[in-house]
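**Q** need coordinates for the following:
(chains A, B, C and D)
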Protein chains: 2
Amino acid sequence: MSVDALTIHEAAETTGWSPRMLRYVESMGLIQSKRSPAGYRLYGPEELQRLRTLRELLNAHDVGLAEMGFALRLRREPELAAAVDAWFEAKPKRPDDVPAADWLRFEQEKHQRLLEAALS
Amino acid sequence: MSVDALTIHEAAETTGWSPRMLRYVESMGLIQSKRSPAGYRLYGPEELQRLRTLRELLNAHDVGLAEMGFALRLRREPELAAAVDAWFEAKPKRPDDVPAADWLRFEQEKHQRLLEAALS
DNA sequence: CCAACCTTACCGCGATCGTGTCAAGGTTCC
DNA sequence: GGAACCTTGACACGATCGCGGTAAGGTTGG
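**A** Residues are numbered from 1 along each chain as shown, chains lettered A, B, ... in the order given. All right, here's what the predicted structure looks like:
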């Protein structure tokens, strides 16, 4: 059982979640672990790290799991993401006042944010 | 009172929301109307259209107002958006297996989605 | 083989979401 | 000045969220 993977209780202790919550997080589709032949959840270093960073993210920004679940939907359902983007972008009265160049720049700034966050 | 702006009851009838919900939507920061000197809410064609498209968006994709509120937070708090982006992007075991070129392409596809949504 | 794990599936429970409704008071208009 | 609006604030209420617990049963290891 100790082949570089922790059981749910062990993973719970090192990550600060409860076993109950690890199953809940999995049910949201946020972090799923491998399974032993008998169906036991096995958490590798990868998942443990992700669980810790998720925890930090949540109480650093006062975000809930349901909200992260929605963020996940936004990445999995491009139609939804496009619809939401379009609705928020639909604020300027004349869309031609703010043509492609501007939101392109906005998106590039988003890339910049991503880069900065990734390099920390 | 009929200077191209509807009262909350009139706006409610033409948009399919209830007056109560219009105030609720406003409290989420999603759509705020102008106010008359006495503080009455006045909805112009702009807001009416936004209310209708919001309604369509919600029941087309089974999204709640709270989730749209979160989407709004993502646009208003770049730190939060960056943290969420970074967490989801942190899936590949070796980040160098999927270097800049790849998520750049992903982001460009996102732009494409946005464009398509905007042109409909 | 038995204690100590694990699994899924429930019940509960305070908090929030999405609504309606009602109260107490100000505004508009004829 | 009174009917018909509007305002904010509260109470209510079913549904979901975030979490703990328990039950019923399978797995593991000394």
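
**Q** please make it C-alpha for all contacts and neighbour counts, starting now.
**A** Noted.

**Q** which residues of chain A lie near DNA strand C?
**A** Contact residues (C-alpha under 7 Å from any atom of the strand) of chain A with DNA strand C: A:Thr7, A:Ile8, A:His9, A:Glu10, A:Arg23, A:Gly39, A:Tyr40, A:Arg41.

**Q** now with 10 Å, please.
**A** Within chain A, the residues that sit near DNA strand C (C-alpha under 10 Å from any atom of the strand) are A:1, A:6-12, A:19-20, A:22-24, A:26-27, A:33-36, A:38-43, A:64, A:66-67.

**Q** list buried residues within those residues.
**A** A:6-8, A:11-12, A:19, A:22-23, A:33, A:41-43, A:67 (16 or more other C-alpha atoms under 10 Å in any protein chain shown).

**Q** mind listing which of those residues are in helices?
**A** Of the positions in those, A:Ile8, A:Ala11, A:Ala12, A:Pro19, A:Leu22, A:Arg23, A:Glu67 sit in helices, assigned by DSSP state H.

**Q** ok, and which of those reach chain B?
**A** Among these, proximity to chain B is found for A:Glu67 (C-alpha under 8 Å from any C-alpha of the partner chain).

**Q** closest to B:Ala82 among the ones in helices among the buried ones among the residues of chain A next to DNA strand C?
**A** Closest approach to B:Ala82 among these (C-alpha to C-alpha): A:Glu67, at 14.9 Å.

**Q** relative to A:Ser27, how far out is the closest one?
**A** Counting by C-alpha to C-alpha, to the nearest Å, the gap from A:Glu67 to A:Ser27 is 14 Å.

**Q** mind splitting chain A into its structural domains?
**A** Domain assignment of chain A by automatic domain parsing yields the ranges A:1-77, A:90-120.

**Q** most tightly packed of those?
**A** domain A:1-77 (a mean of 15; mean count of other C-alpha atoms under 10 Å in any protein chain shown).

**Q** shaky segments in chain A?
**A** Low-confidence regions of chain A, defined here as pLDDT under 70, cover residues A:1-3, A:92-120.

**Q** contact residues of it facing DNA strand D?
**A** Taking C-alpha under 10 Å from any atom of the strand as the contact definition, chain A meets DNA strand D at A:1-3, A:12, A:16-25, A:28, A:36-40, A:55, A:58-59, A:62-70.

**Q** which parts of chain A are strands?
**A** Taking DSSP state E as the criterion, chain A carries its strands at A:34-35, A:41-42.

**Q** closest one to B:Pro78 among the ones you listed?
**A** Using C-alpha to C-alpha, the nearest of the strands of chain A to B:Pro78 is strand A:34-35, at 33.1 Å.

**Q** from B:Leu65, how far out is A:Lys34?
**A** When distance is defined by C-alpha to C-alpha, A:Lys34 is 34 Å away from B:Leu65.

**Q** ditto for A:Glu47
**A** Using C-alpha to C-alpha, one gets 31 Å for the distance from A:Glu47 to B:Leu65.

**Q** same question, A:Val63
**A** Shown here: A:Val63 relative to B:Leu65, a distance of 15 Å by C-alpha to C-alpha.

**Q** for A:Thr15, same thing?
**A** A:Thr15 sits 32 Å away from B:Leu65, going by C-alpha to C-alpha.

**Q** can you put the strands of chain A in JSON lines and add distance to A:Leu74?
**A** Formatted as JSON lines, the entries for the strands of chain A read as follows, by distance: least, C-alpha to C-alpha, whole Å:
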{"stretch": "strand A:34-35", "distance to A:Leu74": "24"}
{"stretch": "strand A:41-42", "distance to A:Leu74": "27"}
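
**Q** out of those strands, which gets nearest to chain B?
**A** Closest approach to chain B among the strands of chain A (C-alpha to the nearest C-alpha): strand A:34-35, 14.4 Å.
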